[in-house]
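Asks: Predicted coordinates and the sequence they were generated for:
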Amino acid sequence: MKLKLTAAIALSLSGSAFAGPIYSTSCDVARDIVVPENSSGYFMDKTCKKAYVLPPSTGSMAVSGRTVGDISRCKEIKQFNKMLKTINSNINDAVKAKKSAEDIKGLFDQRKMIVDEFGDLEGVMGASVELLFSNGIDSNLASFRELNENVPVEFVPVQLKNLQLNYNQTTPFDSQMQVAFNQTIPLSDLNNVGPGSFSGRLDLSLFGACPLIDPFERTIPEKIKAQDLSGIITPNMIYKYDIGATYKYTATYNLSGLASKIKSMSSSGGLFSTSSTSKLIETAESSGWFNLEMSCDDSRVCDQAKMETALSIKQRLVQEVLDQIAITKIGYSVKPADAAEPGKNGASTASDALKKCPNTYCQAAAVVLDVASSIFGGSSKTDQYIAKNDHKVTESVTENRPIEFMGMMGFGKRK
């Protein structure tokens, strides 16, 4: 009977110091903080004397101006919508009635003829609308301070970065006919978006502009109400912010189990591809060879950091195993290195290019590419490694580093 050993390695590690505030919700004073309506919450700093307030969940929107395009063709839009609504209904009825495939195909052919007939409507500019947004950060912060006058905590806004204004648009009777041309709403000065207001422009097709026409004036009113756009577009602002977090985790892994998994995922000739590596690293369930437990002062930090940490550790372990059981690399058909960089082979060039990709999964593929897609050194070398490392290893780590969070703000009519 083979005796399995268990090795416990306790590492007391600390990441590099983070210059910004460290956040926590273990502060007793946080229990006394009253959160105003429309709030997205806050983070307490490590001293329990300062609260970093997130933007409100909903800001306000108003229309500050408009430029009318070619709305003379709105009668055609009305005709197209009516015809398409009728044929769509006929198709649905035919499917429910289990009509013959030939009958249903005939209806789809009629639908295609209608779309083709009015197809040029898709590219016609209906109107350009200037929008004024208020993110309500100042008023939200003022509400926190007013509701918590007797709480010994200073309330300050969290610093935002990488803001992007998007919108969800309604779908006309034909999905190819878009309501608006720009998928994101360009901001006049993205870098200066902070507390207060900012503007953006929305270019509407005829499908978006024609519903705004006043039936008596037969044009788009100079003053458009924000709620008039609610049935056409729904804007939202995506933002990111860093949280300086302290958390502890314990990673338990079995390198023998990982090596066995790699062996089983390789071909009969020992070829292990980078795509297989990505699947192995990204899989939440690690077939018993890996487990991660994490504790944080704030559960939101654990929610954000746990997957990122697990990916990073598994990435490192896969490379460590492959360094031991792979004996050679195989070539790739990639663009050769520049002449100014002698000695840099194609695989390294591909790896360097992949490392520039900000996506975590792309990074995982890049790291493994340095050593993977190899022909293993026969079953003896692999099996020897599996036998030698058939025990559990435990890493206990304390981290102190920034964690990136993402939030979203919707917009309603200006009060």
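Replies: The structure has been received and is ready for your questions.

Asks: Where do the helices of this protein begin and end?
Replies: 74-96, 101-117, 137-147, 206-209, 255-265, 274-282, 299-325, 346-355, 360-369, 378-388 (DSSP state H).

Asks: What mean pLDDT does the shortest one get?
Replies: For helix 206-209, the mean per-residue pLDDT is 88.

Asks: Could you check it and say which residues are buried?
Replies: Residues of helix 206-209 classed as buried: 206, 207, 208, 209 (neighbour count, 16 or more other C-beta atoms under 10 Å). All C-beta spots, glycine's among them, are computed from the backbone N, C-alpha and C.

Asks: Please apply the same query to the second one.
Replies: Within helix 101-117, the residues that count as buried by 16+ other C-beta under 10 Å are 104, 107, 111, 114, 115.

Asks: pLDDT below threshold where in the stretch 51-200 of the chain?
Replies: Applying pLDDT under 70 to the stretch 51-200 of the chain picks out residues 169, 171-176, 183-196.

Asks: one step back: can you lay out the buried residues of helix 206-209 as a markdown table showing distance to residue 397?
Replies: Formatted as a markdown table, those follow (distance: C-beta to C-beta, whole Å):
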| residue | distance to residue 397 |
| --- | --- |
| 206 | 58 |
| 207 | 54 |
| 208 | 52 |
| 209 | 57 |
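
Asks: any idea which of those is closest to residue 153?
Replies: Closest approach between the buried residues of helix 206-209 and residue 153, by C-beta to C-beta: residue 208, at 45.5 Å.

Asks: Just give the nearest non-adjacent residue to that closest one, would you?
Replies: residue 179 (3.9 Å; C-beta to C-beta, 6 or more residues apart in numbering).

Asks: Isn't the one you found up against residue 202?
Replies: No. Using C-beta atoms under 8 Å, residue 179 makes no contact with residue 202, being 9.7 Å away.

Asks: of those two, who's got more company?
Replies: residue 202 (26 against 21; other C-beta atoms under 10 Å).

Asks: what's the distance between the closest residue in space to that one that isn't next to it in sequence and residue 221?
Replies: Residue nearest to residue 202 in three dimensions, not counting chain neighbours: residue 129, with 4.8 Å by C-beta to C-beta, 6+ apart. Relative to residue 221, residue 129 is positioned 11 Å away (C-beta to C-beta, to the nearest Å).

Asks: Neighbour count: those two, which is higher?
Replies: Higher neighbour count among residue 129 and residue 221: residue 129, with 26 against 13, using other C-beta under 10 Å.

Asks: In contact with that one, which residues?
Replies: 63, 65, 66, 201, 202, 203, 204, 224, 229 (C-beta atoms under 8 Å, 6 or more residues apart in numbering).

Asks: Hmm, residue 127 and the third one touching each other?
Replies: By that I understand residue 66. Yes. With contacts counted by C-beta under 8 Å, residue 66 reaches residue 127, the gap being 5.6 Å.

Asks: Out of the buried residues of helix 206-209, the closest to residue 237 would be?
Replies: Out of the buried residues of helix 206-209, the member with the shortest distance to residue 237 (by C-beta to C-beta) is residue 208, at 20.1 Å.

Asks: what's the distance between the closest one and residue 177?
Replies: Counting by C-beta to C-beta, the gap from residue 208 to residue 177 is 10 Å.

Asks: now swap in residue 137 and tell me
Replies: Distance from residue 137 to residue 177, by C-beta to C-beta: 37 Å.

Asks: Same check on residue 59?
Replies: Residue 59 sits 29 Å away from residue 177, going by C-beta to C-beta.

Asks: all strands in the stretch 101-250 of the chain, in order from the N-terminus.
Replies: For the stretch 101-250 of the chain, strands defined by DSSP state E, counting those that start in this stretch occupy the ranges 125-134, 154-157, 161-169, 197-205, 233-253.

Asks: want to throw those strands into a markdown table with distance to residue 91?
Replies: Formatted as a markdown table, those follow (distance: least, C-beta to C-beta, whole Å):
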| stretch | distance to residue 91 |
| --- | --- |
| strand 125-134 | 28 |
| strand 154-157 | 52 |
| strand 161-169 | 24 |
| strand 197-205 | 24 |
| strand 233-253 | 28 |
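
Asks: and residue 39, which of those is closest to it?
Replies: strand 154-157 (11.1 Å).

Asks: Now do the buried residues in the closest one.
Replies: Neighbour-count burial for strand 154-157 flags 155, 156, 157 (criterion: 16+ other C-beta under 10 Å).

Asks: cool, and stretch 224-242?
Replies: By 16+ other C-beta under 10 Å, the buried positions in stretch 224-242 come out as 224, 226, 228, 229, 232, 233, 235, 236, 237, 239, 241, 242.

Asks: One more: stretch 256-270?
Replies: Buried-residue list, stretch 256-270, by 16+ other C-beta under 10 Å: 256, 257, 258, 259, 260, 261, 262, 263, 266, 270.

Asks: mind checking how far the fourth one is from residue 324?
Replies: Here the criterion is C-beta to C-beta. By it, residue 259 lies 8 Å from residue 324.

Asks: what do those two both touch?
Replies: residue 385.

Asks: Read off the pLDDT value for residue 415.
Replies: 54.

Asks: so residue 295 makes contact with residue 245?
Replies: No. Residue 295 lies out of contact with residue 245 (C-beta under 8 Å); the separation is 11.7 Å.

Asks: The two: which is more packed in?
Replies: Using other C-beta under 10 Å, the more surrounded residue of residue 295 and residue 245 is residue 245, with 25 against 12.

Asks: So what sits opposite the residue nearest the centre of the chain in the bridge?
Replies: Residue closest to the average C-alpha location in the chain (C-alpha atoms, centre = their mean): residue 406, at 8.1 Å. Beta-bridge partners recorded for residue 406 (DSSP bridges): residue 240.

Asks: And for the one 4 residues further on?
Replies: Each beta-bridge partner of residue 410 is listed here, defined by DSSP bridges: residue 58, residue 236.
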